[in-house]
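Trainee: structure here, sequence nowhere to be found:
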């Protein structure tokens, strides 16, 4: 039901690309003042009813990764890890959480393992 919708006021969902235990990853387009900015991947949680107190636990790995990559000590890591642009809650979608990140063409990492 997210296809074609704009979530968080700036990500227009184009297609579902993967789904797993955590949630679904969508290819989306980021907009600012109705202007296209860039393609992004948006992961939306399956879990509903999240709050500002509970969502950080669900996204603890992503928050830690974003903090590490923001540090100038990890310039080499930026070459091999997907950049995280934004995180938030979606009260209009049953209080699910989302994570917006760099969109990378290709196949999921698990297919290589």
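Mentor: Cool, the structure landed. Given the structure is predicted, the values throughout are model-derived calculations rather than measurements.
Trainee: low-confidence ranges, this structure, go.
Mentor: Along the chain, the model assigns pLDDT under 70 to residues 72-78, 108-110, 112-113.
Trainee: can you give me the helices in it?
Mentor: Chain-ordered helices for the chain, with DSSP state H as the definition, fall at 55-58, 60-70, 75-78.
Trainee: of those helices, flag the one that's most buried.
Mentor: For the helices of the chain, the stretch with the most neighbours on average is helix 55-58, a mean of 15; neighbours defined as mean count of other Cβ atoms under 10 Å. (C-beta placed from N, C-alpha, C; glycine too.)
Trainee: same list (the helices of the chain) but as a markdown table, adding distance to residue 23.
Mentor: Conversion of these to a markdown table gives the following (distance: least, Cβ to Cβ, whole Å):
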| stretch | distance to residue 23 |
| --- | --- |
| helix 55-58 | 9 |
| helix 60-70 | 12 |
| helix 75-78 | 24 |
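Trainee: nearest to residue 31, out of these?
Mentor: For these, the distance to residue 31 is smallest for helix 60-70, at 21.4 Å, taking Cβ to Cβ.
Trainee: which residues touch the residue nearest to residue 51 when sequence neighbours are not counted?
Mentor: The spatially closest residue to residue 51, leaving aside those adjacent along the chain, is residue 95, at 7.0 Å (Cβ to Cβ, 6 or more residues apart in numbering). Contacts of residue 95 were listed using Cβ atoms under 8 Å, 6 or more residues apart in numbering, and they are 48, 49, 50, 51, 89.
Trainee: neighbour-wise, which of those residues leads?
Mentor: The member of these surrounded by the most neighbours (other Cβ atoms under 10 Å) is residue 50, with 20 neighbours in all.
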